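1. sequence first, then the predicted structure, then my questions.
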Amino acid sequence: MSNKTYLTLENVQQFFGSYQALKDISLSIAEGEFVCFLGPSGCGKTSLLRIIAGLDLPTGGMVSQAGKDITYLPVKHRDFGIVFQSYALFPNLTVADNIAYGLVSQRIPANQRRARVKELLATVGLSGSEEKFPMQLSGGQQQRVALARALATSPGLLLLDEPLSALDARVRAHLRQEIKQLQEKLGVTTIMVTHDQEEALTMADKIVVMNHGVIEQVGSPQEIYANPKSPFVAEFVGEMNFLEAQVTQSGLLNSGSLHLRSPKNTLAYEQAVRVAIRPEDIRFTADTNIGNIVNARVVHLEFLGSRVRSLLQLDDRETPIMADISMNEMARLELSQGQKVVCQLPQDRLHIFAGAV
Amino acid sequence: MEATLTTTDTSSQKQPLIRRRSWDEWALGCMMIVGTLALVVTIVLPIYSLLSKSVQNREGNFVGLENFTLFLTTPSLSSSIGHSVFLAFVCTLIVTSLAFFSAYAINRTCIPLKGMFRLILVLPILSPSLLPAISLVYLFGNQGILKELLFGESIYGPIGIIIGSCFWTFPHALMIMLTALSKSDARLYESAEVLGASPWRTFVTVTLPAAKYGIISVAFVVFTLVITDFGVPKVIGGQYNVLATDIYKQVIGQQNFEMGATVSVILLLPAVLTFLTDRWLQRRQSAQLTSKAVPFAPKPRPLADKLSLLFMLVLSGVIIGIILMAVYASLVTFWPYNLSLSLKNYQFDLMDGGGWASYWNSLQMAAYTAVIGTLFIFFQSYLAEKLSGYGVLKGFFQLFAILPLAVPGLVLGLAYIFFFNAPNNPLNSIYGTMTILVVCTISHFYTVCHMTASTALKQIDPEFESVSASLKVPQIITFWRVSLPVCLPAVLDIASYLFVNAMTTVSAVVFLYSYNTTLASVAVLNMDDAGDIAPAAAMAVLIMVTCMGARVVHWFLGDVLLKHTQSWHKR
């Protein structure tokens, strides 16, 4: 991955009638980077991908690829390969013909095409499937063929539109790794649209979290997870408990009868804030020296395999909060429903967001 | 290199007025424009000239609604409105019930020989609408073999028209009804059973509501088909005048084109009403069934099954009987005096109506219609469905493509006279040629073909064009290599539909044939008119056999060849 910018979006916006699907999107993507557009359905991630591909045109703004303005360039004059959720394989053509589809138009001689198809099939792990028809392959295999077809012409940019969503969980996890490894090997700049946070976290070099047509946050998977910049990101990527609070004169956070120490000391007096903490960050072994101790009652326990999710009812608070306990810890704690516990919300694990709900 | 992020360009560029396209997108766009203009010339403008003619007098001056007033105040003419509505109403009632019970028997009971019944019940669609009428003359006419069954009533008149109309409209109704009843969720029936509903209650609360839109749709279609048909009343209507024969008489008999146009406009009303209802129903219907429905499989019910089988046997018997009567009549040497069989009636060259030449003309016309029509319609539907952009143009195209469904053949034929025979029309030279017959027939049956093509194209992954554009393959190549091969079954359906209809149609072309382009279906009409009923029957039978042949070819190409070459269908 180099630091050279490959794709730039400047103030891209799109209207469908009076509805604004994209609001002033600006973003730059480095060469060889694997970027994920992550967000719930209707957030504009697919619209943005289609604008980059030229399948739809923006209402305003500019898109440039490799230093060239491509905002309104016809699809055919752009340099990208695309893979859709539906695979979009031509059902009446063999796997080989599908992969070589773009090569034929480039007037590449037949023997070279054969060699290229063979090479690509080997790359995606489907050697020997040349003469099969798409319908004879499983979903995962079809998606590999679609990937090979998109890569056949060696495009500078690979676009993946929810490529794994139609597959079942096991195939999805497997193909996730394969696509990532392939992308690293080829070094092709890649943009993937997904609504699956796990997919984005495991595959991306950079995640672009989107909501309601705006970019909420751009960053590495670790940044996004550890330092979400908005309540939306915090809740959409991973899981998060929220508490309404107010800043006291001494800089403490007051939430009902709770007094929490804040990791930030730049908060204004009487400011309304939302305090957030991830379920796995709540500790059941309280260290009184650090503070932020809360009393709670276990109202529900849910077995999730490798861990247990507990619902904790805090004193004078209606909605319980979630806390995850590993099975090892569970063996030690021996929690049961109805039990009273003391737990800690570590200061350095708290996230503070300005403003009430 | 994140510096570019911060540039907030307030005067960010706006979408250009004319979208940048690659050359092949422009080329396809031009074809789309040409296709839409073709529909304007062959459908919109003729209908416009018909409408304007109905408010003009013979000298071409605007006279407002004078023609309509004259029509309504002439008792011999206006009585035909009552006649037409009455006939259409009775036929609608009969055909809708028959079609419902037949479709019910095929889809919801365990009777044997379903495939055979299906085959027999749609046979009437392969014959011109004149065939049942001629057959009825032999069965119940003055020298008919079953004349006594009418207890002195004459078959020439409403009775004959009703039986004949029911016969040829039945397959149309059955096909819609079969579709309506085939879509049903087995879980609804299981729920009804679990909740303890009686079979009758299940029928009323589950079966009927699901078929509701199908039944309404059938009723409207039959009503329109009957009220606009002129073949049956022409042959067996006797003195009983209806709107459709009025047009024919006014135009062919009295050369009163203005009154013909006036009656046409009146005839256009029920057709337009049907058309609008159908559009409305289709929007309602689409939300009826979810994709997760479990298909219904009937269980044996002894009584219902036996009654259904009996019903189907009687119905099939009647249809076969009417067809066989026509076949037999065509082979009898001289009815009713010399009943020995011969092919004398097939010596068409000895009769009026154009002789064997008209048969060859029909064959030629049907072949041109099938080939040119299929190519044009499918390609235009493809462009409308898969070409990006051109929103306004596509809107107009869709509108023009569904317009023919609302225009009865007779009305379209007359509209063609007004438009193409106008001395100042540069296309005037195609008047009286094979070209105008082909163009008119394609236009007449355009909508159903367009819808077949659109439905098939909609089922193809919408991303094919995006993928091929990203691979820098011209769209026309993807059309040729992927879209067309995948849609071949639909293409064959369209071709076969056009061929059969071109062979059997009378209504539009009856105004447009010339001495050199007589057609078989029109010959049936003219021979019958001249009193040569047996040769008319023979020609009608010949048309039917030709259509059956076309269906066999269609089946062979579709089921044998395509199944073999389209091995990609199989898993």
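-> Ah, there it is.
2. so what's B:Ser330 up against?
-> Contacts were defined as C-beta atoms under 8 Å, 6 or more residues apart in numbering or on different chains; by that measure B:Ser330 touches B:345-346, B:534-535, B:537-538, B:540-541. From N, CA and C alone the C-beta is placed, and that goes for glycine too.
3. any idea how chain B splits into domains?
-> Residue ranges for each domain of chain B read B:22-49+B:343-564, B:65-129+B:146-286, as given by automatic domain parsing.
4. below-threshold pLDDT in chain B: ranges please.
-> Along chain B, the model assigns pLDDT under 70 to residues B:1-19, B:285-293, B:564-571.
5. number of nearby residues for the residue nearest to A:Leu333 when sequence neighbours are not counted?
-> The spatial neighbour of A:Leu333 that comes closest, neighbours along the chain excluded (C-beta to C-beta, 6 or more residues apart in numbering or on different chains), is A:Phe284 at 5.7 Å. For A:Phe284, the neighbour count with other C-beta atoms under 10 Å in any protein chain shown is 18.
6. same thing with the one 4 residues further on?
-> A:Thr288 sits with 8 neighbouring residues when counted by other C-beta under 10 Å.
7. related to what we said a few turns ago, and the contacts of B:Ser330 as TSV, adding secondary structure, distance to A:Leu27 and neighbour count?
-> As requested, these are arranged in TSV below (DSSP: H, G, I helix; E, B strand; the rest coil; distance: C-beta to C-beta, whole Å; neighbours: other C-beta atoms under 10 Å in any protein chain shown):
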residue	secondary structure	distance to A:Leu27	neighbour count
B:Asn345	helix	82	25
B:Tyr346	helix	79	17
B:Ala534	helix	82	23
B:Pro535	helix	80	25
B:Ala537	helix	77	29
B:Ala538	helix	77	26
B:Ala540	helix	72	33
B:Val541	helix	73	24
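8. relative to B:Tyr431, which of those residues is nearest.
-> Distances from B:Tyr431 to the contacts of B:Ser330, taken as C-beta to C-beta, are shortest for B:Ala540 (27.7 Å).
9. these two touch, right, that closest one and B:Pro132?
-> No - counting by C-beta atoms under 8 Å, B:Ala540 stays clear of B:Pro132, with 9.2 Å between them.
10. in the stretch 451-571 of chain B, what residue is nearest chain A?
-> With C-beta to the nearest C-beta as the measure, the residue in the stretch 451-571 of chain B that lies nearest chain A is B:Leu471; the distance is 3.0 Å.
11. what's the pLDDT at the closest residue to that residue other than its chain neighbours?
-> Of all residues beyond its chain neighbours, the one nearest B:Leu471 is A:Gly102 (3.0 Å), with distances taken as C-beta to C-beta, 6+ apart. Per-residue confidence (pLDDT) for A:Gly102: 92.
12. which SS state does A:Gly102 fall under?
-> Here A:Gly102 is recorded as helix under DSSP: H, G, I helix; E, B strand; the rest coil.
13. and for A:Gln106, nearest residue in space, chain neighbours not counted?
-> If you skip the residues right next to it in sequence, A:Gln106 has A:Thr153 as its closest partner in space, 6.7 Å away by C-beta to C-beta, 6+ apart.
14. in a strand, that neighbour, correct?
-> No - assigned with three-state DSSP, A:Thr153 falls outside any strand and is coil.
15. quick check: it vs A:Glu318, distance?
-> In this view, A:Thr153 and A:Glu318 are 58 Å apart by C-beta to C-beta, to the nearest Å.
16. got it, and B:Met351?
-> If you go by C-beta to C-beta, the gap between B:Met351 and A:Glu318 works out to 95 Å.
17. quick one: the closest residue to B:Pro404 other than its chain neighbours from chain A, how far?
-> Once flanking residues are discounted, B:Pro404 sits nearest to B:Tyr446: 4.5 Å by C-beta to C-beta, 6+ apart. According to C-beta to the nearest C-beta, to the nearest Å, B:Tyr446 and chain A sit 27 Å apart.
18. can you check B:Glu59 too?
-> With distances taken as C-beta to the nearest C-beta, B:Glu59 is found 51 Å from chain A.
19. burial of that residue, as a residue count?
-> Burial measure for B:Glu59: 7 neighbouring residues, criterion other C-beta under 10 Å.
20. go on, A:Ser154?
-> By the criterion of other C-beta under 10 Å, A:Ser154 has 10 neighbours.
21. quick revisit: higher neighbour count, B:Met351 and A:Glu318?
-> A direct count of neighbours by other C-beta under 10 Å for B:Met351 and A:Glu318 places B:Met351 higher, at 19 against 7.
22. hang on, the more buried one packs against B:Asp528?
-> No - checked against C-beta under 8 Å, the pair B:Met351 and B:Asp528 is beyond contact range at 10.7 Å.
23. where along the stretch 301-450 of chain B do the helices fall?
-> Taking DSSP state H, counting those that start in this stretch as the test, the helices found in the stretch 301-450 of chain B are B:302-331, B:355-386, B:391-402, B:409-420, B:434-444, B:446-458.
24. please apply the same query to chain A.
-> Ranges of helices in chain A, per DSSP state H, are A:45-53, A:95-99, A:101-105, A:110-123, A:139-151, A:169-186, A:197-203, A:221-226, A:231-236, A:327-333.
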